[in-house]
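> Take this sequence and fold it.
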Amino acid sequence: MEWYKVWRSNPKKVKHTTIDVMKDDVDPSEVSIENAYKTRWIWYHTILAIGIFFTNIVLIAILLLLAIKL
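Numbering: from 1, shown residues only. So this is what the prediction gives:
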C-alpha cells in the first residue's frame, strides 16, 4: 500500500524499474549443456502442443459424430 500512497500524493514521482528478462539467455551459437537443455525443452513442448491440438480435433469429431447419430 506504500506505493499507492506515494502515487496518490504525486504520480509523476514514482520511478518505474525495468527488468531485463533476456539477460540470462544463452547465445544460440554457443554449445553448452544449458543451451542444449533449452533447445530440447522448446522442441519437446512444441511437439506436445501439436499432439494435444490433434487430440482435441479428434475428440471434437467424435463428439459431433455422436451428437449427429443420437
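> who's in contact with residue 59?
Counting by CB atoms under 8 Å, 6 or more residues apart in numbering, residue 59 touches no other residue. Using the backbone N, CA and C atoms, a C-beta is placed for each residue, glycine as well.
> swap in residue 58?
For residue 58, the contact set (CB under 8 Å, 6+ apart) is empty.
> Can you name the residues that contact residue 50?
Listed by CB under 8 Å, 6+ apart, residue 50 has no contact partners.
> For it, identify the helix or strand it belongs to.
In this structure, residue 50 sits in helix 33-69 according to DSSP states H and E.
> Any buried residues in that helix, and which?
Neighbour counts over helix 33-69 (16 or more other CB atoms under 10 Å) mark no residue as buried.
> where does this protein dip in pLDDT?
Residues of the chain that meet the criterion pLDDT under 70 lie in 1, 6-8, 10-15, 21-22, 24-28, 31.
> how about a cut-off of 80?
Low-confidence segments of the chain (pLDDT under 80): 1-35, 70.
> Now do stretch 42-50: distance to the chain's middle.
12 Å (CA atoms, centre = their mean, to the nearest Å).
> for stretch 53-68, same thing?
Taking mean C-alpha positions (CA atoms, centre = their mean), stretch 53-68 and its chain are 27 Å apart.
> Could the C-alpha coordinates of that stretch be exported in CSV?
C-alpha atoms of stretch 53-68 as CSV (Å, rounded to 0.1, in the frame of the first residue of the first chain):
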residue,chain,number,x,y,z
PHE,A,53,-4.1,-30.0,-30.7
PHE,A,54,-4.7,-33.0,-32.9
THR,A,55,-6.2,-35.0,-30.0
ASN,A,56,-8.6,-32.2,-29.4
ILE,A,57,-9.6,-32.2,-33.1
VAL,A,58,-10.3,-36.0,-32.9
LEU,A,59,-12.3,-35.6,-29.7
ILE,A,60,-14.4,-32.8,-31.2
ALA,A,61,-15.0,-35.0,-34.3
ILE,A,62,-16.1,-37.9,-32.0
LEU,A,63,-18.4,-35.6,-30.1
LEU,A,64,-20.0,-34.3,-33.3
LEU,A,65,-20.4,-37.8,-34.7
LEU,A,66,-22.1,-38.9,-31.5
ALA,A,67,-24.3,-35.8,-31.5
ILE,A,68,-25.5,-36.4,-35.1
